[in-house]
Every structure is written in C-alpha cells, then in structure tokens.
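In: Please find the sequence and the predicted model below.
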Amino acid sequence: MMKTLVKLSIAFFLFVAVLVGIGFLFLDRIAKNGIETIGSHVTQVNFSLAGISLSPLSGNGMIHGLIIGNPPGFKSPAAISVGSASLSLQPGTLFSPKVTIHSIQIDEPQITLEGNLNESNLKTIQQHINTSLGTEKSSRTFEVDDLLIQNGKVQVDFGLPGVKAPVVPLPTIHLTDLGKGPEGITASELTAKIVDAIRASATKTVTENLGDLGKNIQGLSGGATEEAGKALKGLGGLFK
C-alpha cells in the first residue's frame, strides 16, 4: 500500500512538473500575443513584436523587434521602432491582478516624426490612446518602478519634395514610480504616459536643433523653401 502511494505521489508531481514545463514553454507566446492585442487596441495602429523571452523564475526578459505603425494618411512605415528592450519584473506577480515591473530599459529607439503644422503621426496616436483610456475590459494593472529610454533618434519627415528627412538625437527619458500604489496603472494609462514622454522629448530635441534642420531646406525653389520654413516654425507646436 505504501509503495503504491509513493508511486502515485511521484507520478502526480511528475505530471505537475510537465504541466508547469508546458506553461513555461507557451508563456512567451502568450505574453507576445497579449502585448500585441493590447497595444493595437490602445494605439489603434499596427503594434507588433518579433518576439519576447521571459523567465518566470528570475523575472528577467527581453522584447525584440517592437514596431508601432502609423495611422492612415502617414507614409512612413513606423512611428516608433525598437530593436530590443530589457525588463525585470517580480516573478510572484506575473499572474496576479497587479504586475510589478522593477525596470524597463529601451535602448536606441527610432522615432519618426511626420506631419505638418496641424497634425503629426505621434499626436494622432496620442489621441487614439486618450480615447481608449477607461475602455479596457481587463482588470489587470501594472507598476513600473523605473523606465529608461536612451540613445534614441528622431527622424523629422517634413513631407516636402526635395527635403531630406534629418535625424536628431532623442534626449534620455527617465520615468519612475508609474502605477505606484495598491491600484496600479492600466495598460492604456501606462502607454499614454510613455508616448506622451516620447512626444515631449522629441519636441525638445527638434526645437533645440531647428538651426541644423534649416540646412535641409537650402537650395529648394522659393515656394518649397517657404513651405519648409513654415514647417520648421510649427514643429514645436506639433505635439501640443
């Protein structure tokens, strides 16, 4: 009888171990699908990942090939692209109502600022996000203790024939204590804060580099130069 119980116990634990192993095997796929679904809903543009690797034991992970597309009417293939980003979360909260993320580090993001005096791609995406606030059905919230975006670049697309889209550095973005507290922050709210910070930082770097950007309009015809000059003057207000 004892031997039978021991065998049954061993079989049970082996069965549980197999289930856990299968769960870990599909965890990356589940996380990838979840991020893409939420991201697309919140931004209302194509939101895709090449892949994600996450260790539920250590809480460390990597996100690869993040692409945030552009709204209809904008010609550049993506508004924001990130080759890779690292994160560290508290493993015990992975399946909890509130997920605690200790840190997210995004390195070398590529931002494309496309627009005119009245509208830009990032401004439109921000409007989409604001519309989605409060409409989420998921009860899961997040806390991000430290978010760092560094070594990024902003490509400024004037949308004018003969004007080469210049590239300027994106200032470092450092956000802390997002969703701190028992309630946390929703995915929409977290995305809104990140995109808003990127827009503000992009505005700052474009404003600081207006002189260099002006060099790109030299040699155009009078009409094109005038239009480009107007675009330059209005860049600072694109994200307001």
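Out: Perfect, thanks for sending it. Numbering: from 1, shown residues only.
In: list the contacts for the nearest residue to residue 68 once chain neighbours are set aside?
Out: Nearest in space to residue 68, with sequence neighbours left out and distances taken as CB to CB, 6 or more residues apart in numbering, is residue 80 at 4.2 Å. No exception for glycine: its C-beta is placed from N, CA and C like everyone else's. Listed by CB atoms under 8 Å, 6 or more residues apart in numbering, the contact set of residue 80 reads 66-68, 109-112, 198.
In: Out of those residues, which comes closest to residue 175?
Out: residue 198 (10.6 Å; CB to CB).
In: residue contacts, residue 121?
Out: Applying CB under 8 Å, 6+ apart, the residues contacting residue 121 are 70-71, 74, 76, 79, 112-115.
In: and the gap between the residue nearest to residue 68 and residue 152?
Out: Distance, residue 80 to residue 152, by CB to CB, to the nearest Å: 9 Å.
In: which neighbours do these two share?
Out: 109-111.
In: got a winner among these for most neighbours?
Out: Sorting the shared contacts of residue 80 and residue 152 by how many neighbours each has (other CB atoms under 10 Å) puts residue 111 first, at 26 neighbours.
In: Report the next helix or strand after the helix or strand where that one lies in sequence order.
Out: Under the criterion of DSSP states H and E, residue 111 resides in strand 110-114. As assigned by DSSP H and E, the chain's next helix or strand after strand 110-114 is helix 121-132.
In: next helix or strand past that following helix?
Out: Toward the C-terminus, helix 121-132 is succeeded by strand 141-150 as the next helix or strand (DSSP H and E).
In: angle of the helix or strand following that next one against helix 121-132?
Out: Once the chain leaves strand 141-150, the next helix or strand it forms, by DSSP H and E, is strand 152-157. Strand 152-157 runs at 110 degrees relative to helix 121-132, counting by axes from the mean of the first three to the mean of the last three CA atoms, to 10 degrees.
In: circling back: partners of the strand holding residue 111 in the sheet?
Out: Sheet pairing of strand 110-114 (DSSP bridges) gives strand 80-89 (antiparallel), strand 152-157 (parallel).
In: Buried residues, the following helix or strand past the first one. List them.
Out: The one in question is strand 80-89. With elements assigned by DSSP H and E, the helix or strand that comes after strand 80-89 is strand 98-107. Buried residues in strand 98-107, defined by neighbour count with 16 or more other CB atoms under 10 Å: 98-101, 104, 106.
In: Equivalent analysis for stretch 141-151, please.
Out: Buried, per 16+ other CB under 10 Å, within stretch 141-151: 141-145, 147-149.
In: returning to that earlier point: for the strands paired with strand 110-114, could you give me TSV that also reports mean pLDDT and distance to residue 166?
Out: TSV is the format used below for the strands paired with strand 110-114 (pLDDT from 0 to 100; distance: least, CB to CB, whole Å):
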stretch	mean pLDDT	distance to residue 166
strand 80-89	90	18
strand 152-157	87	5
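In: closest one to residue 53 among the ones you listed?
Out: Among these, strand 80-89 sits nearest to residue 53 (CB to CB), with 10.1 Å.
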